[in-house]
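> what's the 3D shape of this:
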Amino acid sequence: MQRLLNASRWDEGGARDDLRAVIVDAIGDKENAILVVDETGFLKKGKKSAGVARMYTGTAGKTENCQIGVFLAYTSPAGHALIDRELYLPAAWTSDPDRCAAAGIPDHVGFSTKYQLAQQMIERARAVGTPFAWVTADEVYGQAEPLRDYLERERINYVMAVRRTEKVAMTTGASTAETVIGATLNGTE
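Numbers count the residues shown, from 1 in each chain. Okay, here's the model as predicted:
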């Protein structure tokens, strides 16, 4: 299998797109489907695998030598499956063309934050008409104001975790997430 993956020429983007089409055909639901953005760390011992660096990973619950994959899942009442993925490449990697070349990373790949990778995947899903009602993600993505701005600009409904001190816009003015939740629970909002 490893030889097939390494030595064969194939279109990984095309395979991703074909898989997404099969998944949407099987479980697609415009009214109830959700795009879920999340990441996971893959612990590594060496330094040559693409994107490996010392980073925080929830997989270990601490900073470890790892790769980080950002994933887009599709979930509906009929099921759930991964439909897209991006490898997070730290700036130390993208600023070292020789290291990137040695790991097989194409020249055109530059640095992107995790939330930029998430946005790219959401844009790809939308470009082909993937039906969904909203997007959700944890605090890593919820604290990324540019991602929230993109979703609002594109009128994409979303629910994302944020810090309790995060400023949120309300029709009654700006407040912190903690204040808004407290007012909602007390019935004053």
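
> what lines up beside the longest strand along the chain in the sheet?
Scanning the chain for the strand with the most residues, using DSSP state E, yields strand 62-76. The strands beside strand 62-76 in its sheet (DSSP bridges) come out as strand 34-43 (antiparallel), strand 53-57 (antiparallel), strand 79-88 (antiparallel).

> off-centre distance for it?
8 Å (C-alpha atoms, centre = their mean, to the nearest Å).

> over to stretch 143-161?
13 Å.

> pull out the buried residues from that stretch.
For stretch 143-161, the buried set under the neighbour-count rule, 16 or more other C-beta atoms under 10 Å, comprises 143, 144, 147, 148, 150, 151, 158, 160. In short, each C-beta sits where N, CA and C put it, glycine included.

> longest helix anywhere in the protein?
The longest helix of the chain (DSSP state H) is helix 12-27.

> between that helix and strand 62-76, what angle do the directions make?
Orientation check (axes from the mean of the first three to the mean of the last three C-alpha atoms, to 10 degrees): helix 12-27 against strand 62-76 gives 50 degrees.

> for helix 12-27, buried residues please.
In helix 12-27, counting by 16+ other C-beta under 10 Å, buried: 16, 17, 20, 23, 24, 27.

> distance to residue 51 and pLDDT added to the residues you listed, as TSV?
TSV is the format used below for those (distance: C-beta to C-beta, whole Å; pLDDT from 0 to 100):
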residue	distance to residue 51	pLDDT
16	18	95
17	23	96
20	23	97
23	26	97
24	28	97
27	30	97
